[in-house]
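Q: Next one to model:
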Amino acid sequence: MPTQEARERFAELVARELGALRVRVLDRLEPLTDVPRTLRVELSQNRCVEAVFEVAPRKRADLTRKLLLLVRAFELAIFSPKAPQGDGPAVALAEELGALAGRAGAGDALVIDARSPVIWGSARGVVGTHEPAEVVRIGKPRRPAEPPSAKRRAERAIARVRALPALVTLARGGHLAYLEQGRQGGFLARSFAGIYVIVVVFDAAIDELRAERALREHVPAIERLIVAMPPREPAGGAKVVSLRAKRARRA
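A: The predicted model follows:
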């Protein structure tokens, strides 16, 4: 059980290493009030660590990476382990997607598939189904306090991916690799294991090299967890099962 003293000592360490004005360890996400001067590392289950600087830092990517390394090194000392909710693979998938989002500097990371409206997992806990033809609700957030803007970004990203022509080719052996960057963020979509797609949603400019590196590191574990997932039932009652990708036969 982490103590307040442990958190204060961690905050002092991070402030000293990064040159930050103050550091906050939060058990639930709160809306950012000073984006230019703040760096945030988001973990699974809506926990995060924020470093606030006197002036907007110039090397944001380098400082964020350093903050992430410090948070990972001291995570058990500053956060209480939370009891899993639901089945083991689903919890582990949310954890892995949270790690991916943190490593990529993203606001969320989700897994969908090309054959159904099922959302298999999300770093922010967004699960459920949505109608492919609609830009609508994709499930209830795990916490009511989740910023609406983050949820809307995820909704738009999923709807955009669903509309991509490459999506329908996945079941026939196709591949999807797509980047959309806007003034206020964007998303990165990559297919894996045949029919599945990871959608990484950003609320700021995308560091593509960093995001691609994070995907390479986390996709293998995410694929293993997806294979272990139990069937999901989309609206209408038809079951959707997780299938192991077919391997090409050797000549």
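Q: Specify the next element, helix or strand, located C-terminal of the helix or strand where Glu50 lies.
A: Applying DSSP states H and E as the criterion places Glu50 in strand 48-52. As assigned by DSSP H and E, the chain's next helix or strand after strand 48-52 is helix 60-78.
Q: contacts for whichever helix or strand comes after that next one?
A: Moving toward the C-terminus from helix 60-78, the next helix or strand (DSSP H and E) is helix 88-104. Here helix 88-104 makes contact (CB atoms under 8 Å, 6 or more residues apart in numbering) with 41-45, 68, 84-85, 106-111, 120-123, 125, 127, 188, 198, 200, 202, 207, 210-211, 213-215, 217-218, 221-222, 225-226, 228-230. For glycine as for every other residue, the C-beta is placed from the backbone atoms N, C-alpha and C.
Q: could you redo the last one with a cut-off of 6 Å?
A: With contacts defined as CB atoms under 6 Å, 6 or more residues apart in numbering, helix 88-104 is touched by 41-44, 68, 84, 108-109, 121, 123, 200, 211, 214, 218, 221-222, 225, 228-229.
Q: List the buried residues of that helix.
A: 89-104 (16 or more other CB atoms under 10 Å).
Q: same question, stretch 17-35
A: Buried residues in stretch 17-35, defined by neighbour count with 16+ other CB under 10 Å: 18, 20, 23, 25, 29.
Q: Ok, stretch 214-234 next?
A: Within stretch 214-234, the residues that count as buried by 16+ other CB under 10 Å are 214-215, 218-219, 221-223, 225-226, 229, 232, 234.
Q: can I get these in TSV with pLDDT, distance to Val55 and secondary structure?
A: TSV is the format used below for those (pLDDT from 0 to 100; distance: CB to CB, whole Å; DSSP: H, G, I helix; E, B strand; the rest coil):
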residue	pLDDT	distance to Val55	secondary structure
Ala214	89	28	helix
Leu215	92	32	helix
His218	88	33	helix
Val219	90	37	helix
Ala221	87	38	helix
Ile222	90	37	helix
Glu223	89	42	helix
Leu225	86	41	helix
Ile226	86	43	helix
Met229	76	45	coil
Arg232	63	47	strand
Pro234	54	49	coil
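Q: Turn these into TSV, columns for distance to Gly174.
A: Shown next, in TSV, are the buried residues of stretch 214-234 (distance: CB to CB, whole Å):
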residue	distance to Gly174
Ala214	23
Leu215	18
His218	22
Val219	17
Ala221	24
Ile222	19
Glu223	17
Leu225	23
Ile226	18
Met229	22
Arg232	23
Pro234	22
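Q: what's the burial count for the closest residue to Arg160 other than its chain neighbours?
A: The shortest distance from Arg160 to any non-neighbouring residue, by CB to CB, 6 or more residues apart in numbering, is to Glu180 (6.5 Å). Look at Glu180: counted by other CB atoms under 10 Å, it has 16 neighbours.
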